[in-house]
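>>> sequence and predicted model, in that order:
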Amino acid sequence: MIVLGLESSCDETAAAVVTAEGEILSNVVLSQVEEHAPFGGVVPEIAARAHVTQMDRLVAQAMKQAGLEFSDLDGVAATAGPGLIGGVLVGLMTAKSISAVTGAPLIGVNHLEGHALTVRMTDKIAFPYVLLLVSGGHSQILVVEGVGQFRRLGTTIDDAVGEAFDKTAKLMGLGFPGGPAVEKYAAKGDENRFSLPRPMKGKPGCDFSFSGLKTAVRQCLESLGNDVTEQDKCDLAASFQKAAIESLLSRTGQALKIVRSDHPDCQNVVIAGGVAANMALRKNLDALVQEHDFNLVVPPPALCTDNGAMIAWAGIERLQLGLTDTLDMSAKARWPLDPDAEPAPFAGYKA
Ligand code: KG4
Ligand code: ZN
């Protein structure tokens, strides 16, 4: 079984071909970072236009690298939401066209399910497992119980953690995307110099919040006046990173206690999303997960961030269960994985 997967819900245009054995025959990702960098964040209209310009070329490239014709495909999968709707439409319409012409079934994939199932392609792990999804678009803790079966334990009530990294970098003029720059500065800084809040730490439940931490970083920087030195920036980056990680760990710890009693068969904790590239987070999370008697599984970084292979793989899992879609399927800006979870009204599509 061979599926083409398309991704265009944020600032990566991506196409990949994957087999049912989990073999990635091609995986082409085009980042729009340079186009958004002058604005310090993703501009939806610029993203949508770039997806329109690039998608056909990337599909052709992915098919060529895989050495296949469209007639070889058993399915065509695309992110159908959640995300920036202009971009989502580009990938979904492209997949519909290929499906209409070739007759291969269409599979509209929830982008978050793509992240959630990747580890079954890379590490062949069984359901259920815990997923900590941390990126510029999402901050969620879920129990992945099966294909299309999720229990959301926590989500952000405002910003995603990656946004807080990006904003911190922007305030200090470190460039976009901010996460890697903040991590680099933090390595040379004093994490105890500035006292920043640990949002939600010690509160009941497993939800996240990062907008207060963002504001605290801005106020801290303002209090330093006009003569901010490189060392000040390093210290602030380190203090921010420590606060963000402590907040993530406290919420994850709460979730693991719940999972230990509700899902005694659950052994694995998976981390995904761009922020999973942060080495300080990984190290601290690994220690926490072991303390709670779980095992941490980290897919390769290139498959943790947005890509087409994760969408193709989710397409394969759904196709194997006969879960295909029709050509009148709509793109969805919001699409929570767990429809029974409480809505988080200030988080938009991030919840
Ligand atoms: O998953 P991703 O590539 O795209 C989505 O947002 O869906 O994640 C990008 C986010 C950005 O906010 C970026 O700053 C953050 O991941 N990021 C990091 C690191 N590398 C990327 N955050 C912290 N530390 C890093 N090393
Ligand atoms: Zn994503």
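Thanks, I have the structure now. Numbering: from 1, shown residues only. Ligands and ions are numbered 1, 2, ... in the order given.
>>> residue 140 falls within a helix, correct?
No: assigned with DSSP: H, G, I helix; E, B strand; the rest coil, residue 140 falls outside any helix and is strand.
>>> so what's it bridging to?
Beta-bridge partners for residue 140, by DSSP bridges, are residue 133, residue 155.
>>> residues touching residue 293, list them.
Neighbour list for residue 293: residue 260 [criterion: C-beta atoms under 8 Å, 6 or more residues apart in numbering]. Quick note: C-beta positions are derived from backbone N, CA and C, even for glycine.
>>> before we move on, what about residue 276?
132, 134, 135, 282, 298, 301, 304.
>>> and the residues you listed near ligand 1, which?
Among those, proximity to ligand 1 is found for residue 135 (C-beta under 6 Å from any ligand atom).
>>> quick one: which of the contacts of residue 276 sit in strands?
Using DSSP state E, the members of those that fall within strands are 132, 134.
>>> of the contacts of residue 276, keep whichever come out buried.
132, 134, 135, 282, 298, 304 (16 or more other C-beta atoms under 10 Å).
>>> picking up where we left off before, can I get the contacts of residue 276 in a markdown table with pLDDT?
Below are the contacts of residue 276 laid out as a markdown table (pLDDT from 0 to 100):
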| residue | pLDDT |
| --- | --- |
| 132 | 97 |
| 134 | 95 |
| 135 | 89 |
| 282 | 95 |
| 298 | 92 |
| 301 | 86 |
| 304 | 88 |
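>>> out of the contacts of residue 276, which one sits closest to ligand 2?
residue 135 (5.0 Å; C-beta to the ion).
>>> if we can go back for a sec, give me the subset of the buried ones among the contacts of residue 276 touching ligand 2.
Subset of the buried ones among the contacts of residue 276 in contact with ligand 2: residue 135, counting by C-beta under 5 Å from the ion.
>>> let's have the buried ones among the contacts of residue 276 in a markdown table, adding distance to residue 292.
Conversion of the buried ones among the contacts of residue 276 to a markdown table gives the following (distance: C-beta to C-beta, whole Å):
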| residue | distance to residue 292 |
| --- | --- |
| 132 | 13 |
| 134 | 18 |
| 135 | 23 |
| 282 | 16 |
| 298 | 16 |
| 304 | 22 |
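>>> shouldn't residue 281 be in contact with residue 242?
No: in this structure, residue 281 is not within contact of residue 242 by C-beta atoms under 8 Å, at 10.5 Å.
>>> for residue 209, state which of the contacts of residue 276 is nearest.
Checking these against residue 209 with C-beta to C-beta, the nearest one is residue 134 at 13.7 Å.
>>> quick one: contacts for the closest one?
160, 161, 162, 248, 271, 272, 273, 274, 275, 276, 281.
>>> excluding its backbone neighbours, what's nearest it?
Nearest non-adjacent residue to residue 134, counting by C-beta to C-beta, 6 or more residues apart in numbering: residue 275, 3.9 Å away.
>>> for residue 118, same thing?
residue 310 (4.5 Å).
>>> pLDDT score for that neighbour?
For residue 310, the model assigns a pLDDT of 97.
>>> what does residue 345 give?
64.
>>> which neighbours do residue 281 and residue 242 share?
Joint contacts of residue 281 and residue 242 (C-beta under 8 Å, 6+ apart) do not exist.
>>> OK, contacts around residue 82?
9, 88, 110, 111, 112, 332, 333, 334, 335, 336, 349.
>>> list just the nearest of those to ligand 2.
Once C-beta to the ion is applied, the member of the contacts of residue 82 that ends up nearest ligand 2 is residue 111, at 5.7 Å.
>>> residues in contact with that closest one?
7, 9, 79, 81, 82, 83, 306, 311, 335.
>>> give me that answer again for 10 Å
Applying C-beta atoms under 10 Å, 6 or more residues apart in numbering, we find residue 111 in contact with 7-10, 78-83, 88, 91, 137-138, 306, 310-311, 314, 332, 335, 337, 349.
>>> ok, now residue 27?
Here residue 27 is in contact with 5, 14-18, 62, 65-66, 302-303, 307-310, 312 (criterion: C-beta under 10 Å, 6+ apart).
>>> give me the subset of the contacts of residue 111 touching ligand 2.
Okay, of these touching ligand 2 (C-beta under 5 Å from the ion), that's residue 306.
>>> the helix ranked longest in the chain near ligand 1 at all?
Of all segments of type helix in the chain, defined using DSSP state H, the longest is helix 230-262. No: using C-beta under 6 Å from any ligand atom, helix 230-262 stays clear of ligand 1, coming no nearer than 7.7 Å.
>>> got the buried residues for that helix?
So for helix 230-262, counting by 16+ other C-beta under 10 Å, buried means 232-252, 254-256, 258-259.
>>> distance between that helix and the chain's centre?
17 Å (C-alpha atoms, centre = their mean, to the nearest Å).
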